[in-house]
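*Asks:* Provide a 3D model corresponding to the input given below.
(chains A, B, C and D)
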Protein chains: 4
Amino acid sequence: MNKSRLEAFSDGVFAVAITLLALDLAVKGPDSPHPLAWQLGHAWPSYVAYLISFLTIGIIWVNHHATMNNVRVVNRTLLYLNLVLLAVVVAIPFATSTMAEYLSKDNYSARVAAALYASVFEAMGLAFALLFEWILRHDNALHDPMPAAVKNRARLRFYGGQILYVIAIAVAFLNAQVAVGLCAVTAFYYLFERSGPVPGLDDG
Amino acid sequence: MNKSRLEAFSDGVFAVAITLLALDLAVKGPDSPHPLAWQLGHAWPSYVAYLISFLTIGIIWVNHHATMNNVRVVNRTLLYLNLVLLAVVVAIPFATSTMAEYLSKDNYSARVAAALYASVFEAMGLAFALLFEWILRHDNALHDPMPAAVKNRARLRFYGGQILYVIAIAVAFLNAQVAVGLCAVTAFYYLFERSGPVPGLDDG
Amino acid sequence: MNKSRLEAFSDGVFAVAITLLALDLAVKGPDSPHPLAWQLGHAWPSYVAYLISFLTIGIIWVNHHATMNNVRVVNRTLLYLNLVLLAVVVAIPFATSTMAEYLSKDNYSARVAAALYASVFEAMGLAFALLFEWILRHDNALHDPMPAAVKNRARLRFYGGQILYVIAIAVAFLNAQVAVGLCAVTAFYYLFERSGPVPGLDDG
Amino acid sequence: MNKSRLEAFSDGVFAVAITLLALDLAVKGPDSPHPLAWQLGHAWPSYVAYLISFLTIGIIWVNHHATMNNVRVVNRTLLYLNLVLLAVVVAIPFATSTMAEYLSKDNYSARVAAALYASVFEAMGLAFALLFEWILRHDNALHDPMPAAVKNRARLRFYGGQILYVIAIAVAFLNAQVAVGLCAVTAFYYLFERSGPVPGLDDG
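*Replies:* Sure, this is the predicted structure:
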C-alpha cells in the first residue's frame, strides 16, 4: 500500500480538526447586551482551551510525522490503527468546546467537562500507543529497526506522559481548572521531551 | 491525467467528511437545564452514529486507496465516477446526524431516519461499484490485470456486503435500531473481509 | 515555484468547499412540528442545489486539473490568478444555500437568489478564464505549446458555456427555477463538452 | 524529517481557514423580515472582510510556499515554529467575522473589533517573522544560502509591511473603517512587493 496516501489523509484530518478548534473563539457579537471588549475578556476559557488543544493536536501531528517517517511498509492493519487514532483526534474539538463552556463555572458539570477533556487526550494517547506498539513490534515494517533498549526507553518516555492525563482525569473531579492545567503541562512535557516517541526518528 | 491529484482531492473530501461527523457530538452545554453528565449520557445515539459512520467512511477510504493503487491510467470518465462516489460520501454526515437525532425515539420518523441512513450507505456502495466495475472492465488501465475468476470472486464478496444494506433499509421500517445495528454489522463485514474489493491489490 | 503545492492547496480548497455544500442538506429534525418524511420531501430545493453545485465544482476541479497538467512553470502571477479562482469557488456554498432557501418561493427574493447563484458561477467562469488565458498566452510556461487554431477552438468552446450563465442571470429576473435549470444545463454542457477548455490536455 | 508533510499539513490548514471565511457571507434568508436584495446590500461589511482576509491568507500562503521552497532540512524546531504560524492563521476567520459584524456600527465595540482584526494580522506577521528569521539564520537548512545584504533587504521589506499593521491597530481606536482600510493597503503592499520575504526564492 501507499504510505503517502495514509499521510495525506491523516494530514487532512489533522488540518480540519485543528482548524475547527478556532470556531470556539466566536463571540456573540452585536446581539449580546455587552460591548465587544467585555465579551472578549469573558471568553478567556475559549482561549485557554484553544491554545492547549491546538498545541496537543500539533504535537501529536509532529509525532505521527516522526513515527511514520520510519515506516517502510503500510498494510491494512496499520491503516485501521491509524483510523482509530484519527477517530479520537476529530473528537478533540467537541471535548475542547464543551470544556471551554464550563471552565469558568464552579459546579459538578465543570468537573465532568474537565474529566471529559482529559479523557479524550488520554484516549488519543492510547490510540497513538496502539500505532506505536504495532510499529515497535514489526521491525520488518521499518526502515531502521531499533535495538530493544532504545525501544524500551521510547516506551518509558511516551507512557510517562500518559500518566499525567490519568492524573488529570482524577483531579478533574476535585478541581476542573487544575485538571485543565495538567493537560497543558502534559503538552509541554511532550513538547520538550524532544526525542519523540520513537527516538531514532528524530533529527532535531 | 494525474492520479496523484485524484487521490489528493479524494483524500481531502474524505478527511473533511469524516471530521464533520464529530460535530454531531456537541451537546447543548450550560444553556441546557440538565447537568453535563446527564447530557452526555443521553447523547448515546450520537456516539453510536459517529462510530458507525466513521468506521464506514474509513473503510471506504481504505478500499478506495486499495483500488486506486492498482490503477495506472486516469481519464475523465474515472474522475467523474470518482466524483459520484464523493458526492455520496459528503452526504453521510447529514444522514448520520439526522439518524442520531431520531434514534432514541420510537416513531415513524425514527424509522424513516434509519432507512435514510442505510440508503446513503447503499448509495455509497453503488457509487463505489460503478468505480469498481469500470476498473475491473478496463484491464489496460491497471498495473496488473486480474484473471476473470479473481474478478468474479471480488464481485461476489463486494456485492455480498451490499445486500446487508438493502436488508437494513427494509428492516428500518420495522425497527430503526435494528436497522442501524445492521449497518454496523456491514461495516464489520467489510473490515474483516480483508481481501478488499479488488483482492490482487491487498498486501495485508 | 512548486506546482505540486499549488495543486495541493487548490485541491484542499475545492475539497472543503464541495463538502460544505452538503451542510445545506440538514433538516430541522425532531424540533420541527412535521414528521421527518415531510421534512425530507419539502427539502427538494436543497437536493437540486446540492447536485448542481457539486457537479459544477467537480467539473471546474477536473478542468483545473486538466489545465494545470500542461503547466510546466508556476510563478507568482499564476499563484495569484489561482487564488482569484479559489476566492470565487469558496463563495459557491453561500450562493447555493441562499438559492436553496428561496427556490420554492415565488417572489422577487427568489429571483434575486437565482440571479446570485448564476452570477457566482459566471464569476467562477471569468476567474477560470483569467487563468486559462494566462496559460494560453504563455507558451513557455507549458509542456506542450498549442497551435493558435487549437487555442481558438478551446476559447470558443469555453466561452460558449459562459454565455449560458449570462442568459441564466437575465432569465432569473423572470423565473428563478428556469434560471437554476439553465445552470444545470451549463454543467452538463461542460460535462459532455469533453475536450475540456484546453483540448491538448485531455486524454479521455 | 519530511518537508512534504509540513507543506501538506500547512496547505490543509490554510485551505480550511480560507474556506471558512466564506461562511460569513451567509445572510439570514427567508426568516428575515427584509427581502434578499436588502439583506445582500446591507451585508457589505462581510464582503469587505471576506476580500481582505482571503487576500491576506492567500498572500501569506504564497510567501510560505516561497520561503519553504528554499528550505532543504526540516527539523522539530521548524515544525513547531510553523505550528505557531498556523495557530494564528486559523484564528483569522474568527477575527474576520467579529470585525464584519461591527464594521457598519459607529461605537467603541466597532473600534475594538477593528483593533482585534489588525492585531491578528500583526500576530500572523510576527509568527511568520519567527519562521523567517529561523530560516535566515540557518544557512545549512537552505538549498541556496543568501548573502547578508540580501537577507537584510528582505528583512527591511518584510518588517516594513508589519509597521502598517501596528499603525492600523492604533488607528482602530480612532476610526474602525480606516483601520480596516489600512489592513487592505497592507495586503496590497505585500502583493506588489513582489520579491517576497526571501527574495532569492522568487522566480516571478
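*Asks:* which residue does chain A have closest to chain D?
*Replies:* Nearest residue of chain A to chain D, counting by Cβ to the nearest Cβ: A:A15, 2.9 Å away. Backbone N, C-alpha and C define where each C-beta goes, glycine included.
*Asks:* return the residues in contact with that residue.
*Replies:* B:15, C:12, D:9, D:11-13, D:15-16 (Cβ atoms under 8 Å, 6 or more residues apart in numbering or on different chains).
*Asks:* in JSON lines, list those residues along with secondary structure and pLDDT.
*Replies:* Putting those into JSON lines (DSSP: H, G, I helix; E, B strand; the rest coil; pLDDT from 0 to 100) gives the following:
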{"residue": "B:A15", "secondary structure": "helix", "pLDDT": "95"}
{"residue": "C:G12", "secondary structure": "helix", "pLDDT": "94"}
{"residue": "D:F9", "secondary structure": "helix", "pLDDT": "93"}
{"residue": "D:D11", "secondary structure": "helix", "pLDDT": "94"}
{"residue": "D:G12", "secondary structure": "helix", "pLDDT": "94"}
{"residue": "D:V13", "secondary structure": "helix", "pLDDT": "96"}
{"residue": "D:A15", "secondary structure": "helix", "pLDDT": "95"}
{"residue": "D:V16", "secondary structure": "helix", "pLDDT": "94"}
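*Asks:* near chain B, which residues of chain A show up?
*Replies:* Contact residues (Cβ under 8 Å from any Cβ of the partner chain) of chain A with chain B: A:1-2, A:5-6, A:8-9, A:11-13, A:15-17, A:20, A:73, A:75-77, A:79-80, A:83, A:86-87, A:90-91, A:93-94, A:97-98, A:101-102, A:105, A:107-109, A:112-113, A:116.
*Asks:* how about A:V180: what's its closest non-neighbour residue?
*Replies:* Distance criterion Cβ to Cβ, 6 or more residues apart in numbering or on different chains; nearest residue to A:V180, sequence neighbours excluded, is A:A114 at 5.5 Å.
*Asks:* which strands and helices sit next to the host helix or strand of the one you found?
*Replies:* Using DSSP states H and E, A:A114 falls within helix A:108-136. Contact partners of helix A:108-136 among helices and strands, from 3 or more Cβ pairs under 8 Å, 6 or more residues apart in numbering or on different chains; DSSP states H and E: helix A:44-69, helix A:76-89, helix A:92-102, helix A:148-172, helix A:176-192, helix B:36-42.
*Asks:* in TSV: the ones you listed, plus mean pLDDT.
*Replies:* Listed next are the helices and strands packed on helix A:108-136 as TSV, based on pLDDT from 0 to 100:
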stretch	mean pLDDT
helix A:44-69	93
helix A:76-89	94
helix A:92-102	95
helix A:148-172	90
helix A:176-192	93
helix B:36-42	93
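*Asks:* which one of the ones you listed lies nearest to D:A168?
*Replies:* Nearest to D:A168, of all these, is helix A:44-69, at 21.9 Å by Cβ to Cβ.
*Asks:* in that closest one, what's buried?
*Replies:* Buried residues in helix A:44-69, counting neighbours by 16 or more other Cβ atoms under 10 Å in any protein chain shown, are found at A:45-46, A:48-50, A:52-69.
*Asks:* stretch A:59-77 near chain C anywhere?
*Replies:* No: with Cβ under 8 Å from any Cβ as the criterion, chain C is not reached by stretch A:59-77; the gap is at least 15.7 Å.
*Asks:* so what's the gap between that stretch and the chain middle?
*Replies:* 15 Å (Cα atoms, centre = their mean, to the nearest Å).
*Asks:* straight-line length of it, end to end?
*Replies:* Stretch A:59-77 has its terminal residues 24 Å apart, counting by Cα to Cα, to the nearest Å.
*Asks:* that one close to chain D?
*Replies:* Yes: contact of stretch A:59-77 with chain D (Cβ under 8 Å from any Cβ) involves A:61-62, A:65-66, A:69.
*Asks:* can I get those in a markdown table with distance to C:A26?
*Replies:* Output for the residues of stretch A:59-77 next to chain D, formatted as a markdown table (distance: Cβ to Cβ, whole Å):
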| residue | distance to C:A26 |
| --- | --- |
| A:W61 | 30 |
| A:V62 | 35 |
| A:H65 | 35 |
| A:A66 | 39 |
| A:N69 | 40 |
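*Asks:* relative to C:A127, which of those is nearest.
*Replies:* A:W61 (32.6 Å).
*Asks:* tell me the contacts of that closest one?
*Replies:* Here A:W61 is in contact with A:11, A:14, A:18, D:9 (Cβ under 8 Å, 6+ apart).
*Asks:* ok, A:G160 next?
*Replies:* Here A:G160 is in contact with A:189, A:193 (Cβ under 8 Å, 6+ apart).
*Asks:* swap in A:K28?
*Replies:* A:34, A:39.
*Asks:* now do 7 Å
*Replies:* For A:K28, the contact set (Cβ atoms under 7 Å, 6 or more residues apart in numbering or on different chains) comprises A:Q39.
*Asks:* distance of it from D:A115?
*Replies:* Taking Cβ to Cβ, to the nearest Å as the measure, A:K28 falls 18 Å from D:A115.
*Asks:* repeat for A:A172
*Replies:* Using Cβ to Cβ, we find A:A172 at a distance of 36 Å from D:A115.
*Asks:* which one's more surrounded, the two?
*Replies:* A:A172 (26 against 21; other Cβ atoms under 10 Å in any protein chain shown).
*Asks:* touching, that one and A:L116? I think so.
*Replies:* No: contact criterion Cβ atoms under 7 Å: A:A172 and A:L116 do not qualify, at 8.3 Å.
*Asks:* now chain A against chain B: closest residue?
*Replies:* Chain B sits closest to A:G12 of chain A, with a gap of 2.9 Å, by Cβ to the nearest Cβ.
*Asks:* how deep is A:Y108 tucked in, by neighbour count?
*Replies:* As a burial measure, A:Y108 scores 14 neighbours (other Cβ under 10 Å).
*Asks:* ok, it - contacts?
*Replies:* Neighbouring residues of A:Y108 by Cβ under 7 Å, 6+ apart: B:P35.
*Asks:* and for A:S97?
*Replies:* By Cβ under 7 Å, 6+ apart, the residues touching A:S97 are A:24, B:26.
*Asks:* go with 8 Å
*Replies:* So A:S97 contacts A:23-24, A:49, B:26, B:29 (Cβ under 8 Å, 6+ apart).
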